[in-house]
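output the structure for:
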Amino acid sequence: MQIGDYRLEIVPDTEFWLDGGAMFGVVPRALWERVMPPDDKNRVRLTTNCVFIDTGKEKILIDTGIGEKWSEKETEIYGIKRKRPFADSLNDITGCSTDDITTVVNTHLHFDHAGGNTVNSEQGTVNSEMQKPARSNGEDSGRNTTVMERADNATPQFANARYLVSRSEFEEAENPHERERASYLKENWRPVKNAGQLELMPDEFEAVPGLRFQTERGHSPTMQTWRLDAGGHTVYGFADLIPTRHHLPLPWIMGYDLEPAHTLEYKKRILPIAAHEDWLCVFYHDPETPLARIREQNGRFIVEAHA
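Next up, the predicted model:
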């Protein structure tokens, strides 16, 4: 689709499944299961809706999905149902190869947003820095060993791209909070850093004219949302603050959020603006409605799916 002079496309990575209770926090299962029925393991179906933007000069990818470096056990845990490589989806939808991408921007470095930053390579380069687990302890030392091995055998998927992430998020990923340590896998950014492709950005920055990123507390202290203004239109990415259309009600906040009170205040602030200004909004994890407009109806917010 055209947004002013820019072309924008949604490029889904793959279906995966996470615990429904974690996805909906304090909301009772009797309510959330009506809109997202769980499987026999209490997991709900999700996806990762990456965004491609072609400015005419730059080809930009916002977030890169869950990636393809998973073990058989991890694939089962997360219910990953990959039908094709991300590179094939990118090519089929945009006509571009991974080598054509000039800029990758990660809203944050959790594995489901940065997993596709890198891919497995037949021969990895051993790096002493990558062999030092961050805040390792006895109970996860085995997992850290697996992560190190994968980091040693990973290479940037987008060979000609610069990768942008906020400095605050990078520092958080290198020294994560205990509650989100499992979401940060160094194999997704260390090879990029070692290749000289990683650029650390301020908490607010403009990637190209009209495309701005801003840190918003809630899901974590350092995650960023994004906004594209072009041709009199606005496209807005909530990232993980409102991951699916079913998270529009104010109290429907993920249990994964480190700062749910901040998420609540963010939703109170941003949703009326999105509705009033007719933004086209991206729900990163919604497997059925990646793009929609927000409408206010009888005191609550609903979606109008984008055709």
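
from now on I want contacts and neighbour counts done on CA atoms only, so please keep to that.
Fine.

for Leu248, give me its contacts.
Counting by Cα atoms under 8 Å, 6 or more residues apart in numbering, Leu248 touches 242, 267, 301-302.

out of the residues you listed, who's the most crowded?
In terms of neighbours by other Cα atoms under 10 Å, those top out with Ile242 at 25 neighbours.

and it, how far is that from Pro202?
Between Ile242 and Pro202 the computed distance is 23 Å (Cα to Cα, to the nearest Å).

quick one: Ala30 is in a strand?
No. Counting by DSSP: H, G, I helix; E, B strand; the rest coil, Ala30 is not part of a strand but helix.

and it, how many neighbours?
When neighbours are counted by other Cα under 10 Å, Ala30 registers 8.

picking that back up, okay, the contacts of Leu248 in TSV with distance to Arg7 and secondary structure next?
As requested, those are exported to TSV (distance: Cα to Cα, whole Å; DSSP: H, G, I helix; E, B strand; the rest coil):
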residue	distance to Arg7	secondary structure
Ile242	24	coil
Lys267	28	helix
Phe301	28	strand
Ile302	26	strand
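
among the residues you listed, which one sits closest to Arg293?
Taking Cα to Cα as the measure, Arg293 sits nearest to Ile302 out of the contacts of Leu248, at 8.4 Å.

the nearest residue in space to the closest one that is not next to it in sequence: what's it in contact with?
Spatial nearest neighbour of Ile302, chain neighbours left out: Arg295 (5.2 Å); criterion: Cα to Cα, 6 or more residues apart in numbering. Going by Cα under 8 Å, 6+ apart, Arg295 touches 275, 301-304.

10 Å - rerun?
Shown in contact with Arg295 (Cα atoms under 10 Å, 6 or more residues apart in numbering): 271-272, 274-276, 278-279, 301-304.

of all those residues, which comes closest to Phe16?
Nearest to Phe16 out of those is Val303 (Cα to Cα; 23.1 Å).

which secondary structure element contains the closest one?
Using DSSP states H and E, Val303 sits within strand 300-305.

do the same with Val51
Val51 belongs to strand 49-54, assigned by DSSP H and E.

which residues are contacting stretch 249-260?
Counting by Cα under 10 Å, 6+ apart, residues outside stretch 249-260 touching it are 19-28, 32, 177, 179-180, 217-221, 240-243, 246-247, 261, 263-268, 271, 300-302.

give me the buried subset of those residues.
19-25, 27, 32, 217-221, 240-243, 246-247, 263-264, 266-267, 271, 301-302 (16 or more other Cα atoms under 10 Å).

that older thread, dump the contacts of Leu248 into JSON lines; add pLDDT and distance to His108 as well.
Output for these, formatted as JSON lines (pLDDT from 0 to 100; distance: Cα to Cα, whole Å):
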{"residue": "Ile242", "pLDDT": "98", "distance to His108": "14"}
{"residue": "Lys267", "pLDDT": "98", "distance to His108": "19"}
{"residue": "Phe301", "pLDDT": "94", "distance to His108": "26"}
{"residue": "Ile302", "pLDDT": "94", "distance to His108": "27"}
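
quick check: closest non-adjacent residue to Ser220.
Among residues not flanking Ser220 along the chain, Leu258 sits closest, at 5.3 Å (Cα to Cα, 6+ apart).

my guess is Ile101 contacts Thr55, does it?
No. Judged on Cα atoms under 10 Å, Ile101 makes no contact with Thr55 at a distance of 11.5 Å.

the two: which is more packed in?
Legend: neighbour count by other Cα under 10 Å for Ile101 and Thr55, higher for Ile101 (22 against 16).

doesn't Gly115 belong to a helix?
Yes. The assignment for Gly115 (three-state DSSP) places it in a helix.

now do the contacts for it.
Contacts for Gly115 (Cα under 10 Å, 6+ apart) come out as 63-70, 109, 184-189.

shaky segments in this structure?
Within the chain, the segments meeting pLDDT under 70 span 122-151, 307.

in it, which spans are helices?
Along the chain, counting by DSSP state H, helices occupy 20-24, 29-32, 72-77, 86-94, 111-114, 141-152, 167-174, 190-194, 260-276.

which of these is buried the deepest?
The highest average neighbour count among those, using mean count of other Cα atoms under 10 Å, belongs to helix 111-114 at a mean of 24.
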